[in-house]
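Asks: structure for this input, please:
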Amino acid sequence: MLTLLTACSSTGGGADSASARSGGAGGATSGDSAARTSGAGTASSAPQRVSTGDETLPAGVLPKRPRRDSVALESMTKPDSVLDKLWPVKMPAPLAGAILPNKRVVAYYGNPLSKKMGVLGEFPKDEMLAKLDREVANWAKADPSHPVVPALHLIVTVAQGAPGKNGLYRLQMRDSLVNEVYSWIKAKGGIFFVDIQVGKSTVQAELPRLRPILENPDVHLALDPEFAMAPSGKVPGSKIGTLDAKDVNWAVNFLDEIARAKNLPPKILVVHRFTRPMVTNYRDIKFTPNVQIVMDMDGWGPPWLKFDSYRDYVKKEPVQFTGFKIFYRNDTKKGDALLTPSEVLRLNPRPLYIQYQ
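Replies: As a prediction, this is how the structure comes out:
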């Protein structure tokens, strides 16, 4: 299993896919992909200094940035007569027990079977959880108006560079592993996300097996269109995948039925996005009071690139709530300081889901 996960992390952003995907430093392309995610893992093969959040500046203090980054951030804070009218999205008042919009989620992402898939697996359990505690404290200090909910975000269906026995280019994690990681965050009073990279399978085929874990009130769902390859027929990592509104709506209906049947508080559905084609027909995504949808800006690169991506693929195409992903390795490997909570909180709309990889 570990060998397959490592292979997937290579196709997700290592040597096997670096030439296959458009983009240079940070993944800039010819206009439709402002930043590239790592998906199942993007650790460079060269040793790198890893910023783990322990060096975060005091709340409100901003690091010195190159002019291009400063200009991009300033542009995000200036009033926009067109885009600002889209926010906040008009929706019914949240049901009792809803996490959003009154709280913020700060999550650690990855898989404990691989150090290359994210911070969740990069460090021993206790060290990783201690780092998460420090990030939660940083965000709580930066925005006291939004209590912070800690979370672990586990990739439970991992896209693969090889077809496997079923030819679906994906590997399902065992229930024992899923339940173990769930127990780590449950003990801290946090919430848990199960993330699926469907490969050449489909959302409709992969979700039903997760119903037992999703029937818990503190377990939520994430979809990763980057590794949804059925529409293109390509191998994961060789091309950025896509999901349509109909796929997202299938997941919404699935979660809605669970919440109603089990009388649960609203579920959160995170959808990763860093290019326009990753999510098609966004206007057709449906609302239900039992499901809160977060469009998560999942790209890595220098700050200006991440801000531009947030504007182009999240703010310009509003769904419901917004998220922002921060990469300890890939955001800093060109020498940039890690984005601070104070900087990210200057974005409009303010992201309510923060993920660290």
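Asks: give me the nearest residue to residue 110, chain neighbours excluded.
Replies: Excluding its sequence neighbours, the residue lying closest to residue 110 (Cβ to Cβ, 6 or more residues apart in numbering) is residue 118, at 2.5 Å. For the C-beta atoms, the positions are set from N, CA and C on the backbone; glycine is no exception.
Asks: burial of that neighbour, as a residue count?
Replies: 31 (other Cβ atoms under 10 Å).
Asks: for residue 240, same thing?
Replies: 28.
Asks: so how far is stretch 161-173 from its chain's centroid?
Replies: 22 Å (Cα atoms, centre = their mean, to the nearest Å).
Asks: give me the mean pLDDT for it.
Replies: For stretch 161-173, the mean per-residue pLDDT is 97.
Asks: same deal with stretch 136-146?
Replies: 97.
Asks: can you tell me the element the nearest residue to residue 106 once chain neighbours are set aside falls in?
Replies: Ranked by Cβ to Cβ, 6+ apart and with sequence neighbours excluded, the top spatial neighbour of residue 106 is residue 354, at 4.8 Å. According to DSSP states H and E, residue 354 maps onto strand 353-356.
Asks: from the contact counts, what lies against that strand?
Replies: strand 104-110, strand 267-273, strand 291-297, strand 321-326 (3 or more Cβ pairs under 8 Å, 6 or more residues apart in numbering; DSSP states H and E).
Asks: pull the distance from that strand to the chain's centre.
Replies: Computed by Cα atoms, centre = their mean, the chain-centroid distance of strand 353-356 equals 7 Å.
Asks: rewinding a little: distance of the residue nearest to residue 110 relative to residue 65?
Replies: For residue 118, the distance to residue 65 (Cβ to Cβ, to the nearest Å) stands at 25 Å.
Asks: and what of residue 105?
Replies: Taking Cβ to Cβ as the measure, residue 105 falls 26 Å from residue 65.
Asks: give me the more crowded residue out of the two.
Replies: Taking neighbours as other Cβ under 10 Å, residue 105 and residue 65 compare with residue 105 leading, 28 against 18.
Asks: now do stretch 239-252: distance from first to last residue.
Replies: Distance across stretch 239-252, first residue to last, is 26 Å (Cα to Cα, to the nearest Å).
Asks: on that earlier part again, distance to residue 198 and mean pLDDT added to the helices and strands packed on strand 353-356, as TSV?
Replies: Output for those, formatted as TSV (distance: least, Cβ to Cβ, whole Å; pLDDT from 0 to 100):
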stretch	distance to residue 198	mean pLDDT
strand 104-110	17	98
strand 267-273	12	98
strand 291-297	17	98
strand 321-326	19	98
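Asks: still on that earlier bit, who does the strand holding residue 354 pair up with?
Replies: Applying DSSP bridges, strand 353-356 is found paired with strand 104-110 (parallel), strand 321-326 (parallel).
Asks: nearest to residue 135, of those?
Replies: Relative to residue 135, the nearest member of the strands paired with strand 353-356 by Cβ to Cβ is strand 104-110, separated by 5.6 Å.
Asks: picking up where we left off before, what about the residue nearest to residue 106, neighbour count?
Replies: Using other Cβ under 10 Å, residue 354 is surrounded by 23 other residues.
Asks: ditto for residue 113
Replies: Around residue 113 there are 17 other residues, counting by other Cβ under 10 Å.
Asks: follow-up on the earlier one: out of the strands paired with strand 353-356, flag the one nearest residue 240.
Replies: strand 321-326 (15.4 Å).
Asks: what comes up buried for the closest one?
Replies: For strand 321-326, a neighbour-count test (16 or more other Cβ atoms under 10 Å) marks 321-326 as buried.
Asks: which pair in those has the greatest spatial separation?
Replies: Distance extremes for those: the farthest pair is 321 and 326 at 17.2 Å, using Cβ to Cβ.
Asks: so which residues of this structure form strands?
Replies: 104-110, 148-159, 170-172, 191-196, 219-223, 243-244, 267-273, 279-280, 291-297, 321-326, 353-356 (DSSP state E).
Asks: need the ones you listed in CSV with distance to residue 237, can you?
Replies: Formatted as CSV, the strands of the chain follow (distance: least, Cβ to Cβ, whole Å):
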stretch, distance to residue 237
strand 104-110, 17
strand 148-159, 7
strand 170-172, 12
strand 191-196, 16
strand 219-223, 17
strand 243-244, 17
strand 267-273, 15
strand 279-280, 19
strand 291-297, 20
strand 321-326, 18
strand 353-356, 20
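Asks: residue 74 is nearest to which of those strands?
Replies: Residue 74 sits nearest to strand 321-326 of all the strands of the chain, at 17.4 Å, using Cβ to Cβ.
Asks: ok, and what's touching the closest one?
Replies: Here strand 321-326 makes contact (Cβ atoms under 8 Å, 6 or more residues apart in numbering) with 37, 89, 100-101, 109, 270, 272, 292-300, 306, 310, 314-315, 338-339, 344, 347, 349-357.
Asks: out of those residues, which end up buried?
Replies: Taking 16+ other Cβ under 10 Å as the criterion, what is buried in those is 37, 100-101, 109, 270, 272, 292-300, 306, 310, 314-315, 338-339, 344, 347, 349-357.
Asks: do you know how far residue 282 is from residue 234?
Replies: Taken as Cβ to Cβ, the span from residue 282 to residue 234 is 22 Å.
Asks: ah, wrong one, I meant residue 194
Replies: 25 Å.
Asks: okay, those two: which has more neighbours?
Replies: residue 194 (22 against 15).
Asks: tell me the bridge partners for the more buried one.
Replies: The residues that residue 194 bridges to, once DSSP bridges is applied, are residue 154, residue 221.
Asks: check it and give its pLDDT.
Replies: The score at residue 194 is 98. That number is its pLDDT.
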